[in-house]
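*Asks:* predicted model and sequence follow; I will ask about them next.
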Amino acid sequence: MIAPLFYIFAGLAIVAALSVVLQRTPVYSALSLILVLCSLAVIYLLLGAQFLAVIQVIVYAGAIMVLFVFVIMLLNARQESPTDHSLFARRLGLPLLAVFLAEVIFVVVGHFSGTVFAAGATFDGGPGAVGGLLFRNYVLPFEVTSILILVAVMGAVVLAKKQL
Amino acid sequence: MVPVSHVLALSVILFGLGAAGFIVRRNIITIFMCIELMLNAVNLAFIAFSRYLGDPDGQIFVFFVIVVAAAEAAMGLAIIIAVQRNRQTLSIDDLDSMKL
């Protein structure tokens, strides 16, 4: 049951990701990205990370993407115009990217061909287990995160002022 | 159950699509969304390895990546709004004042 679901949602994620990259209108890209995030949430669920699957839907697809769509609407972003300025990127960037991807896929397939995940869940990915780990082993990073978010909030307020 | 290499391959494909979009696209908002796509590809690799090695620390990493992505989205979109207000453009071709 897990394998077919994985392949269905993996295919959906790849198609939606292609759509994110190829659409010319930013709103369509944003809606495709929401589809990618939701199918990745299902894959997280299949890999036993229940808490992160829910966080993915609530925080990523919910909060962050709503912010994106809101800004796209606010700025009235239309179709982007084609350009001829990026010859460097097209001629050099894409081949280098292809080489990088071929390399990584070669390593991944070479190292992990035939390796299958253990059948039973090796640990509990629910909110209790993750929360316990977060507040026992990772208290300091968690607290530092609050400072990061405070800085981000203050930065956003400063940047949003009328006179920069 | 699914082979580990297939999940990692999905992660690599998503990362590659995000990177390609980052290079090819001209709209600053779309480029920002491609960055989010790459972050998600890395998250998927983290969760796959966490499941494979039986080590829950990978999930904590993903949690922190999501937190940082949220902060980054708030800041980045505020910068985009400020750019749009001062330059009246969203195309990165017109935002080249830091180029040589």
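*Replies:* Perfect, thanks for sending it.
*Asks:* now stretch B:30-39: average pLDDT?
*Replies:* Model confidence over stretch B:30-39, given as mean pLDDT, is 94.
*Asks:* residues of the longest helix along chain B that come out buried?
*Replies:* Counting by DSSP state H, the longest helix found in chain B is helix B:57-87. For helix B:57-87, a neighbour-count test (16 or more other CB atoms under 10 Å in any protein chain shown) marks B:58-67, B:69-78, B:80-81, B:83-84 as buried. In this view, the C-beta of every residue, glycine as well, is placed from N, C-alpha and C.
*Asks:* which elements pack onto it?
*Replies:* Where contact means 3 or more CB pairs under 8 Å, 6 or more residues apart in numbering or on different chains; DSSP states H and E, helix B:57-87 is packed against helix A:50-55, helix A:65-75, helix A:127-136, helix A:139-159, helix B:28-53.
*Asks:* out of these, which comes closest to residue A:31?
*Replies:* Evaluated with CB to CB, those place helix A:65-75 nearest to residue A:31, the distance being 7.9 Å.
*Asks:* so what's the residue nearest the centre of chain A closest to, chain neighbours aside?
*Replies:* Note on chain A: the residue nearest the mean C-alpha position is residue A:37, at 6.1 Å, using CA atoms, centre = their mean. Excluding the flanking residues, the one nearest residue A:37 by CB to CB, 6 or more residues apart in numbering or on different chains is residue A:61, at 4.4 Å.
*Asks:* from chain B, how far off is the one you found?
*Replies:* 11 Å (CB to the nearest CB, to the nearest Å).
*Asks:* next up, the contacts around that residue.
*Replies:* By CB atoms under 8 Å, 6 or more residues apart in numbering or on different chains, residue A:61 lies in contact with A:34, A:37, A:38, A:41.
*Asks:* could you flag which of these are buried?
*Replies:* Listed as buried from these are A:34, A:37, A:38, A:41; burial here means 16+ other CB under 10 Å.
*Asks:* what about those, which are in strands?
*Replies:* Using DSSP state E to define strands, no part of those is located there.
*Asks:* now, the most widely separated pair of the residues you listed?
*Replies:* A:34 and A:41 (10.6 Å).
*Asks:* export stretch A:104-116 to PDB, keeping only CA atoms.
*Replies:* Output of stretch A:104-116 as PDB, limited to C-alpha atoms (Å, rounded to 0.1, in the frame of the first residue of the first chain):
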ATOM      1  CA  VAL A 104      24.500  13.200  -7.400                       C
ATOM      2  CA  ILE A 105      22.100  10.600  -9.000                       C
ATOM      3  CA  PHE A 106      25.100   8.500  -9.900                       C
ATOM      4  CA  VAL A 107      26.300   8.600  -6.200                       C
ATOM      5  CA  VAL A 108      22.800   8.000  -4.800                       C
ATOM      6  CA  VAL A 109      22.000   5.000  -7.100                       C
ATOM      7  CA  GLY A 110      25.500   3.600  -6.700                       C
ATOM      8  CA  HIS A 111      25.400   3.700  -2.900                       C
ATOM      9  CA  PHE A 112      21.800   2.900  -2.200                       C
ATOM     10  CA  SER A 113      20.700   0.600  -5.000                       C
ATOM     11  CA  GLY A 114      18.600  -2.200  -3.600                       C
ATOM     12  CA  THR A 115      18.600  -0.700  -0.100                       C
ATOM     13  CA  VAL A 116      15.100  -0.700   1.300                       C
END
